[in-house]
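[1] mind looking at a prediction? Sequence and model below.
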Amino acid sequence: MNIPYRALAIGLVTIALSALLFQRAQAGGSHYFAPVGDPVVKEECGSCHLAFPPSMLPASSWQRMMADLKNHFGDDASVDPATARRITDYLLANAGDAGGRRYGDKLLRGTSTTNAPLRITELRKWVREHREVPAWEWKHQDVRTKANCVACHAAADRGYYED
Amino acid sequence: MTRKKKTLLLGLTLALASATAQAAPRDDLLAGYAAAANKADPAFTGFSAARGEAFHRKSFAGGKADTPACTSCHANDPRTAGRTPAGKTIEPVAVSASPGRYGDPAKVEKWFKRNCHDVLGRECTPQEKGDWLSFMLSR
């Protein structure tokens, strides 16, 4: 019998490579957080900083944050009541322990859903993922604050937070 | 009139209408600030883009330490983009570079309120607002 070794080998290598790529793509998937889709939320929460994906925090964090916009990490970010309600509804519906679970699940692992931090950068998983970033890089004039995701994650505004 | 001419005329009318649609709220906004400025100081004679320019670049002590001036976030030249402390790009504040600006009075007031508190530690006076806006409309 004439076995086509060459063709078989090429076929096997192709399958192996696609499997590897697929795995990587899936792993990359855990670094995807659906960006804010509501235009009002995007405008109100995305003028000063990136409009952070709601799936990055549990609903209880968003609730506490929206209850005190007058003291928003040192800034007065208050909005009118109707706007505040719309933003709160959106954040709660898409929070990492609600509608956005499939994006936020990994980031929020080990985080209390009732006593979570208000800062995404204080989540245990966030701290661990960024432990190799040296202090000088945070202080770099193009970075300056840990809230400036896009400085390193160029596609963060589209939801991608790979290295 | 031919069909082509009609379309052209319609297009022109629409373009003009959208241009005035932006200009009208701005005029109303300035008129409102002028009325308030006049009430506060009967000697008020009008806004000045030159005063607005000086205000834009001036450093104040009453606000937050990291934002002493408008130019802490907005560019010194209002026709170029600025940057927030959290790294977000701010579109130029000069109308020539950002033609869509100042068409929504509520939005203008919202940012005056926030930014004046951050920079000056108080509300801006109607005259300061009108001067600054006049500077931006002139650029």
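    Done, it's in.
[2] which residues of chain B fall in helices?
    Along chain B, the stretches classed as helices by DSSP state H are B:3-40, B:49-57, B:105-120, B:126-138.
[3] for the residue nearest to the spatial centre of chain A, which non-adjacent residue is closest in space?
    Within chain A, the residue whose C-alpha comes closest to the C-alpha centroid is A:F33; the distance, by C-alpha atoms, centre = their mean, is 4.4 Å. Nearest non-adjacent residue to A:F33, counting by C-beta to C-beta, 6 or more residues apart in numbering or on different chains: A:P53, 3.7 Å away. Placement of C-beta: from N, CA and C, glycine included.
[4] count the neighbours of residue 43 for me.
    If you meant another chain, say so; for now it's chain A. Here the count is done by other C-beta atoms under 10 Å in any protein chain shown, and A:E43 has 14 residues near it.
[5] oops, wrong one, chain B.
    By other C-beta under 10 Å, neighbour count at B:A43 equals 5.
[6] again, but for B:F44
    Residues lying near B:F44 (other C-beta under 10 Å) number 16.
[7] do A:E129 as well
    Other residues within reach of A:E129, judged by other C-beta under 10 Å, total 15.
[8] now it: how far from B:S98?
    Note on A:E129: its distance to B:S98, by C-beta to C-beta, to the nearest Å, is 37 Å.
[9] and if you look at B:P105?
    Using C-beta to C-beta, B:P105 is found at 16 Å from B:S98.
[10] what does B:T45 give?
    To B:S98, B:T45 is 29 Å away according to C-beta to C-beta.
[11] ok, A:D80 next?
    Summarising the geometry, the distance separating A:D80 from B:S98, computed by C-beta to C-beta, is 24 Å.
[12] tell me the contacts of the residue nearest to A:F33?
    A:33-36, A:94, A:100, A:103-104, A:159 (C-beta atoms under 8 Å, 6 or more residues apart in numbering or on different chains).
[13] can I get these in CSV with pLDDT, distance to A:W62 and secondary structure?
    Putting these into CSV (pLDDT from 0 to 100; distance: C-beta to C-beta, whole Å; DSSP: H, G, I helix; E, B strand; the rest coil) gives the following:
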residue, pLDDT, distance to A:W62, secondary structure
A:F33, 98, 14, coil
A:A34, 97, 15, coil
A:P35, 98, 16, coil
A:V36, 98, 12, coil
A:N94, 98, 9, coil
A:G100, 97, 11, coil
A:Y103, 96, 14, helix
A:G104, 96, 11, helix
A:G159, 97, 18, coil
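[14] and chain A, which of its residues are near chain B?
    Residues of chain A found near chain B, taking C-beta under 8 Å from any C-beta of the partner chain as the criterion, are A:46-50, A:74-77, A:79, A:142-145, A:147-148, A:150-151.
[15] filter these to the buried ones?
    A:46-50, A:75, A:77, A:79, A:143, A:147-148, A:150-151 (16 or more other C-beta atoms under 10 Å in any protein chain shown).
[16] need the max-distance pair from those residues.
    Based on C-beta to C-beta, the longest span within those runs between A:V79 and A:V143 and measures 27.7 Å.
[17] still on that earlier bit, B:T45 and B:S98: who's more crowded?
    In this view B:T45 and B:S98 are compared by other C-beta under 10 Å, and B:S98 has more residues nearby, 16 against 9.
[18] distance of the more buried one from A:P117?
    Per C-beta to C-beta, B:S98 is found 36 Å from A:P117.
[19] and for A:F73?
    12 Å.
[20] more neighbours: which of the two?
    Just comparing A:F73 and A:P117: by other C-beta under 10 Å the higher neighbour count belongs to A:P117, 16 against 12.
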